[in-house]
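Visitor: Output the structure for:
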Amino acid sequence: MAGVVGTGIQQPPAQLLNTMDAITQKYIVPILADQVLRPSPTWWALTRKGKKFKGGELVYPLLTAEELTGGAYYGDQLLNTAVTDSIQPANQVWRHYYQAVSLPVTDIIANSGSGLDILQLKMEAASGSMLQKLNRALWHTSPQNTSIDVDDIESWIGSGLPAAPNVTTVATNTIAGIDRSQAANSFWLPQTPADAGNATVTTSVMEGQYQNCTFGYDEPDLIVSDQTRYASFKNIFVPNVRYGDNIQDAEAVQAGIRYHFLYNNAVVLQDKFAPAGIYYIINTKYMFPVFHPASYFRVKPWLAPTNQDVIVSTFFVTWQLANIGPRMGGKVVRAT
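Guide: Numbers count the residues shown, from 1 in each chain. So this is what the prediction gives:
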C-alpha cells in the first residue's frame, strides 16, 4: 500500500508498513474541502432582493403606455375623457429544480465505525451542487442548461434589437408571454446593446449605456462581466487611485481599488459564470429571483427504492427570475 492516497500509511518514511497499516489511524480533517464549487456574486446580489409569491403562475400588470387624456385647458373647453387601455399583463411560469442525494446503506454501515459522517458530507455536497445549478441558471450556461430553465439574464436584458456592427445578439425573443419583435411591445425591450468593438471597452461606451439605463435618480446598481473583461475595465481607473496620503511612510502602497470597484453608483463584479465578452448593466430593484414558499428549498425525507439497499433524498426549489422593468438594464459587448 506504499504511496496510497487515503487512510493507508506512506512508505517512506514508515518502514514497518504492515504494522503501521494495522495499528495506526490517520487524522481526518473534519471539514469538506471544496475543490469544485464556484460562488456567484450575481446570485447573491440578486437574491438579497428576492421575494416569495404564491400562485399557479406569475402575472405582472405592466403600465405600457402614457395616458394622454389630459393637459392644459380653459373655460368651457371639452375635456378628453377617452378610455385608454394602458395596462398589459406579463406572465411567467414557475420552474422547478431538484438535486438528488443517493447513498448505499452498506456504505453507511461501513462508515459508522470511525471517520467523518458520510451522510453529513453528502448532504453538504448536494447543497453546494444545487446552488451551482441555480448559479448557472441565471446565465443559462452549461452543463445541464435546458429549455425549461428559468428566464435568464441574457434573455431579459441582453436580447434586444441589434445594435451597431460587430454585435451578435438574439434579435428578438418572447419573454413572460410578450413578443418583443412586435413594435407595439417595444416597451418590453431592454436597452439596445452597446458595441465596444474589438478594443478594450472605454468609459465613453460604458457611460453611454449606463445613462441609457438611468431614469432620474434611479440608476443601475450592478455591472457584471467575466474575469477578463472585469480586469480590462478596472485597469482604466487604476492610475487614478491615490497611492498614499500624509502618512505615506506608515502605510502600504495601494496600487489597486480597495473594497468594491464602483462605477458611478454601480458595484462592478466579475462572475465566473458570466458569458465571455459582455458587460451586463443591472438594476436589482427590477430584476430579482422569485420563490414559491411551498417549495422553498424543501428536503424530501429519506426513501428506499424497491429491491435496493439504497436510500435517496432530494432537494427541491421552485422559482423564476423576474424582471418588472427590462428597460432598466442592458449590456455592452466587446468582440474580443
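Visitor: List the contacts of the closest residue to Trp43 other than its chain neighbours.
Guide: Nearest residue to Trp43, sequence neighbours excluded (CB to CB, 6 or more residues apart in numbering): Asn135, at 5.1 Å. All C-beta spots, glycine's among them, are computed from the backbone N, C-alpha and C. Contacts here follow CB atoms under 8 Å, 6 or more residues apart in numbering; on that basis Asn135 touches 38-40, 42-43, 273.
Visitor: Now with 10 Å, please.
Guide: By CB atoms under 10 Å, 6 or more residues apart in numbering, the residues touching Asn135 are 37-44, 141, 271-273.
Visitor: In terms of helices and strands, where is it?
Guide: Asn135 belongs to helix 118-139 when elements are defined using DSSP states H and E.
Visitor: For the very next helix or strand once past that helix, name the packing helices and strands.
Guide: Using DSSP H and E, the helix or strand that follows helix 118-139 in sequence is helix 153. Contact analysis of helix 153 by 3 or more CB pairs under 10 Å, 6 or more residues apart in numbering; DSSP states H and E lists helix 118-139, strand 278-282 as its packing neighbours.
Visitor: Which of the ones you listed has the highest mean neighbour count?
Guide: strand 278-282 (a mean of 26; mean count of other CB atoms under 10 Å).
Visitor: Can you name every helix or strand that it contacts?
Guide: helix 41-47, helix 153, helix 203-212, strand 222-225, helix 227-235, strand 266-270, strand 330-333.
Visitor: Can you check which of these gets nearest to Trp188?
Guide: Among those, the nearest to Trp188 by CB to CB is strand 330-333 (13.6 Å).
Visitor: partner strands of the closest one, parallel or antiparallel?
Guide: Strand 330-333 has its sheet partners listed here by DSSP bridges as strand 194-195 (parallel), strand 278-282 (antiparallel).
Visitor: got the buried residues for that strand?
Guide: 330-333 (16 or more other CB atoms under 10 Å).
Visitor: Now do the contacts for the nearest residue to Asn212 once chain neighbours are set aside.
Guide: Excluding its sequence neighbours, the residue lying closest to Asn212 (CB to CB, 6+ apart) is Gln191, at 4.4 Å. Gln191 makes contact with 157, 160-161, 163, 208-213, 281, 326-332 under the criterion CB under 10 Å, 6+ apart.
Visitor: ok, Gln191 to Ala176 distance?
Guide: For Gln191, the distance to Ala176 equals 18 Å [CB to CB, to the nearest Å].
Visitor: coming back round to it: roughly how far does the residue nearest to Asn212 sit from Tyr280?
Guide: Distance from Gln191 to Tyr280, by CB to CB: 11 Å.
Visitor: overlap in contacts of these two?
Guide: Common neighbours of Gln191 and Tyr280 (CB under 10 Å, 6+ apart) are 157, 329-332.
Visitor: Could you check stretch 134-154 and say which residues are buried?
Guide: For stretch 134-154, a neighbour-count test (16+ other CB under 10 Å) marks 134-141, 149-154 as buried.
Visitor: So for the closest residue to Asn173 other than its chain neighbours, what's the pLDDT?
Guide: Spatial nearest neighbour of Asn173, chain neighbours left out: Ser159 (4.8 Å); criterion: CB to CB, 6+ apart. In this prediction, Ser159 carries a pLDDT score of 74.
Visitor: before we move on, what about Pro190?
Guide: 92.
Visitor: same thing with the one 3 residues further on?
Guide: We note a pLDDT of 89 for Pro193 in this prediction.
Visitor: Pretty sure Gln209 sits against Lys331.
Guide: Yes. With contact defined as CB atoms under 10 Å, Gln209 and Lys331 form a contacting pair (7.6 Å).
Visitor: if I look at the two, which residues touch both of them?
Guide: With CB under 10 Å, 6+ apart, Gln209 and Lys331 have common neighbours 163, 191-194, 223, 279, 281.
Visitor: mind showing which ranges of the stretch 101-250 of the chain have poor pLDDT?
Guide: 160-172, 239-250 (pLDDT under 70).
Visitor: OK, contacts around the closest residue to Ala176 other than its chain neighbours?
Guide: Excluding its sequence neighbours, the residue lying closest to Ala176 (CB to CB, 6+ apart) is Ala90, at 3.9 Å. Listed by CB under 10 Å, 6+ apart, the contact partners of Ala90 are 58-62, 64, 175-178, 188, 322-324, 326.
Visitor: mind redoing it with 8 Å?
Guide: Here Ala90 is in contact with 59-60, 62, 176-178, 188, 324 (CB under 8 Å, 6+ apart).
Visitor: from the residues you listed, which ones fall inside strands?
Guide: 59-60, 62, 178 (DSSP state E).
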